[in-house]
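1. quick one: sequence and predicted model below, then my questions.
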Number of protein chains: 2
Amino acid sequence: MPSYTPPLRDMQFVLHEVVKVTDELKACPKHADVDVDTVNAVLEEAGKFAAEVLQPLNIQGDTIGCKLDQETHAVTTPPGFKQAYAKFIEGGWPALSCDPEFGGQGLPFALNQCLYEMLNSANQAWTMYPGLSHGAYEALHAHGTPEQQKMFLPKLVSGEWTGTMCLTEAHCGTDLGLLRTKAEPQADGTYRITGNKIFISAGEHDMADNIVHLVLARLPDAPQGSKGISLFLVPKFHVNADGSLGKRNDIFCAGLEHKMGIHGNATAQLVLDGAVGTLVGQPNKGLPAMFVMMNAARLGVGNQSLGLTEVAYQNALAYAKDRIQMRSLSGPKAKDKPADPIIVHPDVRKMLLTAKAYAEGGRALAVYCTMLLDKELYHPDEKVRKDSEELVALLTPVVKAFLTDNGHTATNACMQVFGGHGYIKEWGMEQFVRDNRINMIYEGTNTVQSLDLLGRKILANNGASLKKFGKLVAQLVEEEGVNEKMAEFINPIAYLGDQMTKFTTEIGFKAFQNPDEVGGAAVDYLRVLGHLVFGYFWARMAQVALREIDAGNQDPFYLGKLQTARFYFARLFPETASLMRTARAGVASLLDTDAALA
Amino acid sequence: MPSYTPPLRDMQFVLHEVVKVTDELKACPKHADVDVDTVNAVLEEAGKFAAEVLQPLNIQGDTIGCKLDQETHAVTTPPGFKQAYAKFIEGGWPALSCDPEFGGQGLPFALNQCLYEMLNSANQAWTMYPGLSHGAYEALHAHGTPEQQKMFLPKLVSGEWTGTMCLTEAHCGTDLGLLRTKAEPQADGTYRITGNKIFISAGEHDMADNIVHLVLARLPDAPQGSKGISLFLVPKFHVNADGSLGKRNDIFCAGLEHKMGIHGNATAQLVLDGAVGTLVGQPNKGLPAMFVMMNAARLGVGNQSLGLTEVAYQNALAYAKDRIQMRSLSGPKAKDKPADPIIVHPDVRKMLLTAKAYAEGGRALAVYCTMLLDKELYHPDEKVRKDSEELVALLTPVVKAFLTDNGHTATNACMQVFGGHGYIKEWGMEQFVRDNRINMIYEGTNTVQSLDLLGRKILANNGASLKKFGKLVAQLVEEEGVNEKMAEFINPIAYLGDQMTKFTTEIGFKAFQNPDEVGGAAVDYLRVLGHLVFGYFWARMAQVALREIDAGNQDPFYLGKLQTARFYFARLFPETASLMRTARAGVASLLDTDAALA
């Protein structure tokens, strides 16, 4: 069975030495008093919960999965899930970064980010239950009526109730404009909602007393397409004026999907049979309201893969040190043993370091992004708020797609380290691969992310947001441009940044002639930007490490960081050479293929 | 549920128009009479068996899997497996390319290759049962005593009995030198074998009357390590002199592994408790004897991924034409529908064409390789035999590792085309991903393949085999160097061939200083060679297609082939740009990482 040790040292490094979250958020009155000690104390407790309570439930969550009782429509989660959730509430974890007005602790999002990374490492399927709730909290916090907020937010904040997002129908996932679920206005101001939803994560379960479904549906007079979609709050149980639970609402789980992974999470088919709901936000403005939740969810999905990358790495590293098999090509290393531990083999190291570099690069980016979220909402300076918002918008598809694709590479590499044992369920490695696989699909496939990035976040604003990120890179290049020791980290990102600017202009011109050029380049483009972003953070991490080493710090952590940065630039970053080439290949090689795809 | 249509047209193209198998084998007396019509007739019947009998059993094979009765040690295969196997025997399929002396039909290996590609597309888990038998046949045919051959080969050829290869033990997979199973010589010339084997594919089942286990074990006086391993034939049931079955032998299935995929194949833990066996080949020369089987198995594993790549492609293509979602970026294409079929989106096409290009390139390579196997064994000219042997040895790790890695990319891409539905078991796409995943591991992990390629097949003979393949490329370059229409296919392989030659010399020098450099470059090196080989076959396929088109042939098959070749060179082949860079990065970035991997 796999094990998990919370990567507290590396989190502290990112939070306090690289991104410097508490310093950065000092200007926000809400976070002015948050100090390093508080952050570290919270992380330590969070890590204990993840490692001690959640992680031991992960394999049986996969093996046993969720069960639906077809008669009662009740879903039983795997053994231990419910009890772990009770402890989670008891510890006050759902409230960590929520608004104190509704019972939250008001701590920075970056801290919540680290909490969720650890939960995901320990048990992604379980973590989706509170994760979805947090998304529902965000959407209602931004768009709910005061009544909805008063009635539902405290319960979501405490975790007593959980939330869902009900978007997908059998015939529409990406293209929500096609959705058919109907909402009929009632005399009392509520709506009766009828339709069938599929793929509803955490859609039904036995862990909480009530479930707050956020449902997309059409009003009778709604315009066609995505401009005719409204958002509704549909509780599993009606809520009385005093906050107590009333009658069961007409929303039922009709089936659970049989999936490749995340078996511990109930992926529900939900039937709404005139279920009663209330409108969230404005009529026909459901998509923008839902996008508050969706953007949070996209960062959350990247975080799932970050968690899996980390835990897969830890277990592969331990195995590679323990398993003896063959001798090093350069002569025996463990002469007292009949063979060397497989970590002596260069390619085993490559697989391990790939996961490590992706985990640590991803952690830096994710913490940075969530720090920006706090600035976006709470910084006193409007310009800072706006800049932060733009950067988060730019980086969100990168976090979602780049981290989940990297998670795919990393979990597969770590499984490969185990040889044949990696394919056997008991070792837990193949579960990481299967659980991670959904992350590349849901909350907008990675192709959709790339179109969002290149089409909307970059070309639609003439590269303004990209330039904002480019300034950060340029600043680092300027800072360290004369430092010879930093050249191996600075030169590649300086070169790639330059290349990307040119290529972005180029693709802008081509897209003007033929909009399909965007679709032909976007996926490769996103990965190139991902490497520029990771390169930037790896350079910053190397910068900190070099400074410490130069100052005489003997902690091997810093040398390890430097070695990982070197590995990243030598072995992973060069992927950009091919990506730039294929991104530039033009869309004809894809579209002039009717005979091939006949 | 997925469907499958045997790709007969493309197989015929490869067999008759590109590799020209019947012409090439005319010189071998054994195959002088094999004609195109015979080949096509066999393919058509084989395709029917795969599509009609095997394919419908694939999903339930995965869902239900194999069951072990702990009391009787009997294994029940999934519903329909046994009946399908009876039909397979009835059709004479196991005998297709076997020696007529033992009841075989003596047809070319290339035909058997195509049969097995289709079986794998239809049902990899099932196909492993006859696949392993065929490997056992090869090993006994090459190394068995006349008595062993007489007693066991006819039954393996007819398929009445099946075979296994028993190598792995819990503490050793790659490093067979560590194995502990013991063989005690008996007065009657037999051996009593005692030990525990794991990961034995098709190790126990209910499909055949007897199982012929080929077991690696140590004689009492054997030298340590891999030079002290002998090969034994250990039947599940003893065989009487008249060929009838005798007593049960002391080899039992003690457990079945719970795996990520290939659930329909019984992966057995076998306990040998003084089981009686006979020696195959010479004492302490078990590994070379087993390598006959292993080499066949490595080609067979590549073929498994080829089959999965093809079937995944077919189903993703059908889905992409059927599923409507969003509009094309360049304006609606299916104006009569509420959205366009997703095949209009460039990235969906990229995913489809990736699978198609890998399937068709893999098919050409695999057919070519198996054609060489026939030349190696049966060509009257010794030089041709030797050249063929060298080329097969060079290309075997490429077929094994490149095709299985490509299968990983392709099955994942095809699953991705389905969006969320790809993650749901009922659609069958995620099963292709899971089943394929073992192919990158067993019969020598892909890292082991790359070390075999670069260390033993290339550097150890100073690049002589590589030069042999280089000559084929040079010949094509010379043939088509002045044909402007071929430039887009010829230039990239000419350039890469040149680069590889230089790099191979370079790595040879570096490895002389530090043998670990081989391990640091091998995996990337193998992929580069894979692309050179695929590039060569794609250029040859484009050459045939262009000739047909120029000659006025209106069959859209040729235009499709040309478009796929263009896609391959524009979008997949450029991976070599990054691979050459990382292969050249040197091993220090991997080995100077002790602090990072502390």
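-> Okay, I see it. From a predicted model like this one, the values you see are computed outputs, not experimental measurements.
2. which ones are touching the closest residue in space to A:Gly286 that isn't next to it in sequence?
-> Nearest residue to A:Gly286 in three dimensions, chain neighbours excluded: A:Leu231, at 3.6 Å (C-beta to C-beta, 6 or more residues apart in numbering or on different chains). For every residue, glycine as well, the C-beta is placed using N, CA and C. Under the criterion of C-beta atoms under 8 Å, 6 or more residues apart in numbering or on different chains, the contact list for A:Leu231 reads A:139, A:143, A:214-216, A:279-281, A:285-287, A:289-290.
3. sitting in strands, which of those residues do you find?
-> A:214-216, A:279-280 (DSSP state E).
4. switch these over to TSV; also include neighbour count and pLDDT.
-> As requested, the ones in strands among the contacts of A:Leu231 are exported to TSV (neighbours: other C-beta atoms under 10 Å in any protein chain shown; pLDDT from 0 to 100):
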residue	neighbour count	pLDDT
A:Leu214	26	97
A:Val215	28	98
A:Leu216	25	97
A:Leu279	24	98
A:Val280	24	97
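5. would you turn those into CSV with distance to B:Asn462?
-> Shown next, in CSV, are the ones in strands among the contacts of A:Leu231 (distance: C-beta to C-beta, whole Å):
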residue, distance to B:Asn462
A:Leu214, 67
A:Val215, 69
A:Leu216, 66
A:Leu279, 77
A:Val280, 72
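6. closest one to chain B out of those, please.
-> A:Leu216 (15.5 Å; C-beta to the nearest C-beta).
7. quick check: beta-bridge partners of that closest one?
-> Counting by DSSP bridges, A:Leu216 forms beta bridges with A:Leu231.
8. that one and A:Ser230 touch, don't they?
-> Yes - using C-beta atoms under 8 Å, A:Leu216 is in contact with A:Ser230, at 7.3 Å.
9. who in the stretch 351-500 of chain A is up against chain B?
-> Contact residues, the stretch 351-500 of chain A versus chain B (C-beta under 8 Å from any C-beta of the partner chain): A:352-353, A:356, A:408, A:412, A:415-416, A:419-420, A:422-426, A:430, A:433-434, A:437-438, A:440-442, A:445-447, A:450, A:455.
10. now, those that are in helices?
-> Judged by DSSP state H, those include A:352-353, A:356, A:408, A:412, A:415-416, A:430, A:433-434, A:437, A:446-447, A:450 as members of helices.
11. okay, these in a markdown table with distance to B:Ser330 next?
-> Listed next are those as a markdown table, based on distance: C-beta to C-beta, whole Å:
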| residue | distance to B:Ser330 |
| --- | --- |
| A:Leu352 | 44 |
| A:Leu353 | 42 |
| A:Lys356 | 42 |
| A:His408 | 30 |
| A:Asn412 | 35 |
| A:Met415 | 40 |
| A:Gln416 | 41 |
| A:Glu430 | 41 |
| A:Val433 | 36 |
| A:Arg434 | 37 |
| A:Arg437 | 31 |
| A:Asn446 | 22 |
| A:Thr447 | 16 |
| A:Ser450 | 17 |
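12. which among these count as buried?
-> The neighbour count (16 or more other C-beta atoms under 10 Å in any protein chain shown) marks A:352-353, A:356, A:408, A:412, A:415-416, A:430, A:433-434, A:437, A:446-447, A:450 as buried among these.
13. which stretches of chain A have low pLDDT?
-> Regions of chain A meeting the criterion pLDDT under 70 are absent.
14. quick one, domains of it?
-> What automatic domain parsing lists as the domains of chain A is A:8-65+A:77-143, A:163-283, A:462-591.
15. quick one: which of those is nearest B:Leu167?
-> Among these, domain A:8-65+A:77-143 comes nearest to B:Leu167, with 28.0 Å by C-beta to C-beta.
16. so what would you say the end-to-end distance of that closest one is?
-> Terminal residues of domain A:8-65+A:77-143 lie 35 Å apart, using C-alpha to C-alpha, to the nearest Å.
17. what do you get for stretch A:93-108?
-> Start-to-end span of stretch A:93-108 (C-alpha to C-alpha) is 13 Å.
18. now it: how far from the chain's centre is it?
-> On the basis of C-alpha atoms, centre = their mean, to the nearest Å, stretch A:93-108 sits 20 Å off its chain's mean C-alpha point.
19. so which bits of it are buried?
-> A:93-99, A:102-105, A:107-108.
20. A:Leu562 versus A:Pro556, what's the distance?
-> 10 Å (C-beta to C-beta, to the nearest Å).
21. more neighbours, these two?
-> A:Leu562 (24 against 13; other C-beta atoms under 10 Å in any protein chain shown).
22. go ahead and confirm that one touches A:Ala539.
-> No - the pair A:Leu562 / A:Ala539 is not scored as a contact, 11.3 Å apart, by C-beta under 8 Å.
23. ok, for A:Thr278, nearest residue in space, not its chain neighbours?
-> A:Leu233 (5.2 Å).
24. can I get stretch A:486-506 in PDB, CA atoms only?
-> Listed in PDB are the C-alpha atoms of stretch A:486-506, where the atom choice follows Å, rounded to 0.1, in the frame of the first residue of the first chain:
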ATOM      1  CA  MET A 486      22.000  31.800 -13.100                       C
ATOM      2  CA  ALA A 487      22.700  31.800 -16.900                       C
ATOM      3  CA  GLU A 488      21.700  28.100 -17.300                       C
ATOM      4  CA  PHE A 489      18.300  29.000 -15.900                       C
ATOM      5  CA  ILE A 490      17.800  32.500 -17.300                       C
ATOM      6  CA  ASN A 491      19.000  32.000 -20.900                       C
ATOM      7  CA  PRO A 492      16.400  29.400 -21.800                       C
ATOM      8  CA  ILE A 493      13.400  31.400 -20.600                       C
ATOM      9  CA  ALA A 494      14.800  34.600 -22.100                       C
ATOM     10  CA  TYR A 495      15.100  32.800 -25.400                       C
ATOM     11  CA  LEU A 496      11.700  31.100 -25.200                       C
ATOM     12  CA  GLY A 497       9.900  34.300 -24.100                       C
ATOM     13  CA  ASP A 498      11.300  36.000 -27.200                       C
ATOM     14  CA  GLN A 499      10.200  33.200 -29.400                       C
ATOM     15  CA  MET A 500       6.700  33.100 -27.900                       C
ATOM     16  CA  THR A 501       6.200  36.800 -28.500                       C
ATOM     17  CA  LYS A 502       7.100  36.400 -32.200                       C
ATOM     18  CA  PHE A 503       5.000  33.200 -32.500                       C
ATOM     19  CA  THR A 504       2.000  34.800 -30.900                       C
ATOM     20  CA  THR A 505       2.000  37.700 -33.300                       C
ATOM     21  CA  GLU A 506       2.500  35.200 -36.200                       C
END
